[in-house]
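**Student:** Let's see this in three dimensions:
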Amino acid sequence: MTIREATNADWPAIWALFQTVCAAGDVFAYDETTTEETARKLWFDPPAAAFVAEEGGMILGTYFLRPNQPGWGCLDALR
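**Tutor:** Numbering: from 1, shown residues only. Below you'll find the model as predicted:
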């Protein structure tokens, strides 16, 4: 298995996974009405960095990383 940065060409497989997991409704924070446009922005709009787990040319999983809070975030709460 390889974990690599996602590309635009990976989006159809990522979207299919997203829809499958959301439809189950038991393990993901997004509901089944999340639009493709919204999901794509979560994965690909800066400052997100999206990744996929791939084996034999098949996307098995995906995730994205982004800051929890913009700017000073939690530091503002301490002031």
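**Student:** For Phe64, give the beta-bridge partners.
**Tutor:** On the basis of DSSP bridges, Phe64 is bridged to Ala50.
**Student:** neighbours around it, how many?
**Tutor:** Per other CB atoms under 10 Å, the neighbour tally for Phe64 reads 15. Bear in mind the C-beta positions are built from the backbone N, C-alpha and C, glycine included.
**Student:** My guess is it contacts Ala48. True?
**Tutor:** Yes - the criterion here is CB atoms under 8 Å, and Phe64 meets it with Ala48 at 4.7 Å.
**Student:** report the longest helix in the chain, please.
**Tutor:** helix 11-24 (DSSP state H).
**Student:** Counting by contacts, list what it packs against.
**Tutor:** Of the remaining helices and strands, those touching helix 11-24 by 3 or more CB pairs under 8 Å, 6 or more residues apart in numbering; DSSP states H and E are helix 36-44, strand 49-55, strand 58-65.
**Student:** buried residues in it?
**Tutor:** If you call a residue buried by 16 or more other CB atoms under 10 Å, then helix 11-24 has these buried ones: 11, 13-14, 18, 21-22.
**Student:** Could you do stretch 57-65 as well?
**Tutor:** Neighbour counts over stretch 57-65 (16+ other CB under 10 Å) mark 59, 62 as buried.
**Student:** ok, and the closest non-adjacent residue to Trp15?
**Tutor:** Leaving aside its sequence neighbours, Trp15 sits nearest to Glu36 (CB to CB, 6 or more residues apart in numbering; 5.8 Å).
**Student:** Thanks a lot, see you next time.
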